[in-house]
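Q: coords please:
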Amino acid sequence: MARMELKVATDGMREHVVIELWMDGTPLGHALLSGAEAESRIQAVGDARSKLNDAVASTLDPGSRLKPIVNPNWKVEDYRVPEGRIVSLRHPGLGWLTFILSEDSASEMVRQLTADLPVRT
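A: Residues are numbered from 1 along each chain as shown. Just a heads-up that it's a prediction; the model follows:
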């Protein structure tokens, strides 16, 4: 059976995301995506992922090793919707991610973000 591989990188000028399809070590073709096109494809992959039977875990595993984004840009809308508060966070690779937090969830987040916690180095 052929071994298929998908490789993702940036072009030499760092103007495009390059997606290459390889089979048994031989390149078959590639696609060049602008920043906006890459964000659109990331959104499409996320939308498809959310529909899989194997759902993303609803809680974060304590042993998870996630790469945190230090001091991301963020925005809280100056209005609310019936479902709650709108919060957006900017990930440098994924783009802006927007969430609606229930009133209870928003209050709990504020409480935890303002609690006096020990510093871990």
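
Q: once you drop chain neighbours, what's closest to the residue minimising distance to the centre of the chain?
A: Against the mean C-alpha coordinate of the chain, by CA atoms, centre = their mean, the closest residue is Leu94 at 4.6 Å. Using CB to CB, 6 or more residues apart in numbering and skipping residues adjacent in sequence, the residue nearest Leu94 is Ile42, 5.7 Å away. Quick note: C-beta positions are derived from backbone N, CA and C, even for glycine.

Q: and the one you found, how far is that from Ala106?
A: 26 Å (CB to CB, to the nearest Å).

Q: so which bits of the helix or strand where Asp104 lies are buried?
A: When elements are assigned from DSSP states H and E, Asp104 belongs to helix 103-114. Going by neighbour count (16 or more other CB atoms under 10 Å), the buried part of helix 103-114 is Ala106.

Q: next SSE after the longest helix anywhere in the chain?
A: Taking DSSP state H as the assignment, the helix of the chain that covers the most residues is helix 35-49. Downstream of helix 35-49, the first helix or strand assigned by DSSP H and E is strand 74-81.

Q: for that next one, give the mean pLDDT please.
A: Averaged across strand 74-81, pLDDT comes to 97.

Q: put the alpha carbons of it into PDB.
A: These are the backbone C-alpha positions of strand 74-81, laid out as PDB (Å, rounded to 0.1, in the frame of the first residue of the first chain):
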ATOM      1  CA  TRP A  74      -8.100  40.000  22.800                       C
ATOM      2  CA  LYS A  75     -11.400  41.800  22.600                       C
ATOM      3  CA  VAL A  76     -14.600  41.700  24.700                       C
ATOM      4  CA  GLU A  77     -17.600  43.200  22.900                       C
ATOM      5  CA  ASP A  78     -19.300  46.100  24.500                       C
ATOM      6  CA  TYR A  79     -22.600  44.400  24.400                       C
ATOM      7  CA  ARG A  80     -23.900  40.900  25.200                       C
ATOM      8  CA  VAL A  81     -26.200  38.500  23.500                       C
END
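
Q: name the helices or strands packed onto it?
A: strand 84-91 (3 or more CB pairs under 8 Å, 6 or more residues apart in numbering; DSSP states H and E).
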